[in-house]
Each structure stands twice: as C-alpha cells, then as structure tokens.
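*Asks:* no sequence on hand, only this structure:
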C-alpha cells in the first residue's frame, strides 16, 4: 500500500511516519514545505510543496496513493488570520479534493479538540457534543471550519477526523520549553484555583491511533465521516506542570492569578496587538489561553476504543519518564 503523509516533519508527523515504517507493509511518501533528513530512514520519497500556495497539487504529485494522513497544520495562539485560513482550511480542502480526483481509498485527518472548545468547561463529553457558538482563538476556529467542512462532504473515499488532546513526549519542542522559559522568568502563574482537569496524550499513543484509524477503515468499509477524541487522563493540569518542572530541575509554581484577571489581561493584550498590528509575536496572554488554563477540558474516549480498536499503550507515568 502506498501512503502519503503531510506534515511528516513535525512532532506528531514524525512519530506517525516512524510507526508506519516499522509495520513494513507500506511505501511511504511525505509532503512538506521542507526536506527532513531524519525521515530518510523511514520513507522512500520526500516531496517539497507548500500546501498553502496557489499551485496545483497534481503538479508535484503524479502517483496513485491508497491512503493519505493529513497531519500538516498551523498550531499557534496568534498570527494573521489568513495564515490559519490558508494552512488549516484551504490546504485541507486541497488535499481532500486531490484525494477525490485520484481515487484515494482512505484519508486520516488530524483535527483538534479545540474545535468544540468555547468558554465553558468540558467534562467527559463525547463526540455528540456540538461546536460552540463562538471560538476565542484563531486556531480552534480554523480547525473547526476545516473539520466541519470535511465531515460534511460526500466523499468517494473513507475518512475519519482525529482529535488528539495536548500531545506530549520525547522531543516536544514547543509547550514544555515554553513552560520552562516562562517559569524561569517568573511569568507563569496558576490561573484560578488550579483544580481544573484536562486530557493529555503521549505522542506514541496519538500516532498509534492514526494507524489504528487506517486499519479500522480497511477492515470496516462503512467507517467514514466520523470524528474521534483521543486522550489520556484527565490530569490536574497544574499538578502535571509542576511534575514536569520539578523533573527538569525547576521550582514548582505556587503563585496564583484569578481567572477574571487573566481573561481581562488577555482581552487587553489582544486589543493592543491588533491596534499595533503585531502578528509575528504571540501576546503574553490571550482569552483562549486564559480559558484553556482555567477550564476543565477532558473527553470520553469510548468511541475510539470501540470503532478504532485503540487504547493508550503508554501510561502517563511512562510519558513523564521520557519528557
């Protein structure tokens, strides 16, 4: 089976590529803006292409693929809205339309739990929950628009949308380094009472879920146009952050700021950054971040267990060992 992976050079994409290669059953090609030397041991071909460009995808892809993992996306708390539109929405449409025109059989799309997150806590909800009336961040809004579009189409291929929550693990270069840096500068404070619980997921488990999704579609021709939450836990997020900080030799966080103050600060920073047209640097706080750090957001994962035959292989303690 010949498989195409977008975003293979990223944190999750690399692990999916690695696990797929270890199966020994697939010819793997990747599609990314850049070439990644660390992928050469796993793939037979790396294709450089910017999915957000105006160029046609079939200009660079002239082979027939059986399956596509569309993992590429813009994950950020701030930036030009058009970047989110082009990378998360238009690029997804381009991949799906290419799959439709070339008779791809299976497509696994990497979505996000942020598509259902508004301004209220989520406690153990399943995939039946509705999208919120309003999003407080451009990332969640753009991923929701892409997911809602892709799930609403009548494709001639099978597809599922996966929503992995807070992906962590060995080699993660964004969230944990950012937490450590802010902690060292005294900029990290517990938002609210620190009792909120969230799902997390080991990147190895998230990648295996992607493989399970492909295998489940192959084995079940009726499985299509479904979304799945993926996660472990929940954990008390501030206790978990402190575990990481202590493991890294840093002081744990005990200072607190009220949610109202954090949310107000986020609102003010967003206004200032918009007025000054600052798009290439994230504000110290946003409303979305304040909500994420204060609210519960964990989900029921029974659907993934039942339909994808997926359960986390690595525990949270095993995740902490490699972070």
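*Replies:* It's in. On a predicted model such as this, the values are computed, not experimentally measured, just so you know.

*Asks:* distance check, the residue positioned nearest the centre of the chain against residue 207.
*Replies:* Centroid-nearest residue in the chain: residue 112, 4.9 Å away (criterion: CA atoms, centre = their mean). Residue 112 sits 16 Å away from residue 207, taking CB to CB, to the nearest Å as the criterion. From N, CA and C alone the C-beta is placed, and that goes for glycine too.

*Asks:* go on, residue 43?
*Replies:* Here residue 43 is placed at a distance of 15 Å from residue 207 (CB to CB).

*Asks:* who's more crowded, those two?
*Replies:* Set residue 43 next to residue 207 and count neighbours by other CB atoms under 10 Å: residue 207 wins out with 26 against 21.

*Asks:* the more buried one against residue 16, yeah?
*Replies:* Yes. Residue 207 is in contact with residue 16 according to CB atoms under 8 Å; the separation is 4.5 Å.

*Asks:* which stretches of the chain form strands?
*Replies:* 2-6, 27-32, 45-48, 67-70, 106-110, 122-125, 158-164, 167-168, 190-191, 197-202, 226-230, 232-236, 256-257, 297-299 (DSSP state E).

*Asks:* so which of those strands comes closest to residue 136?
*Replies:* strand 297-299 (12.7 Å; CB to CB).

*Asks:* could you list the low-pLDDT ranges of this protein?
*Replies:* The chain contains no residues with pLDDT under 70.

*Asks:* so what's residue 305 closest to, chain neighbours aside?
*Replies:* residue 311 (5.7 Å; CB to CB, 6 or more residues apart in numbering).

*Asks:* and for the one you found, the neighbour number?
*Replies:* Neighbours of residue 311 (other CB under 10 Å): 13.

*Asks:* how near is it to residue 129?
*Replies:* From residue 311 over to residue 129 (counting by CB to CB), the distance is 22 Å.

*Asks:* I figured residue 295 hits residue 193, correct?
*Replies:* No. The criterion here is CB under 8 Å, and residue 295 misses it with residue 193 at 11.7 Å.

*Asks:* the two: which is more packed in?
*Replies:* Ranked by neighbour count (other CB under 10 Å), residue 295 and residue 193 place residue 295 first, with 21 against 11.

*Asks:* what does stretch 310-322 rub up against?
*Replies:* Under the criterion CB atoms under 8 Å, 6 or more residues apart in numbering, residues 168-170, 200-202, 204-205, 208-209, 212-213, 230, 232-233, 235, 243-244, 247, 304-305 lie in contact with stretch 310-322.

*Asks:* only the buried subset of the residues you listed, as a PyMOL command please.
*Replies:* To isolate the buried subset of these in PyMOL, counting by 16 or more other CB atoms under 10 Å, use the following:
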select buried, resi 168+169+200+201+202+204+205+208+209+212+213+230+232+233+235+243+244+304
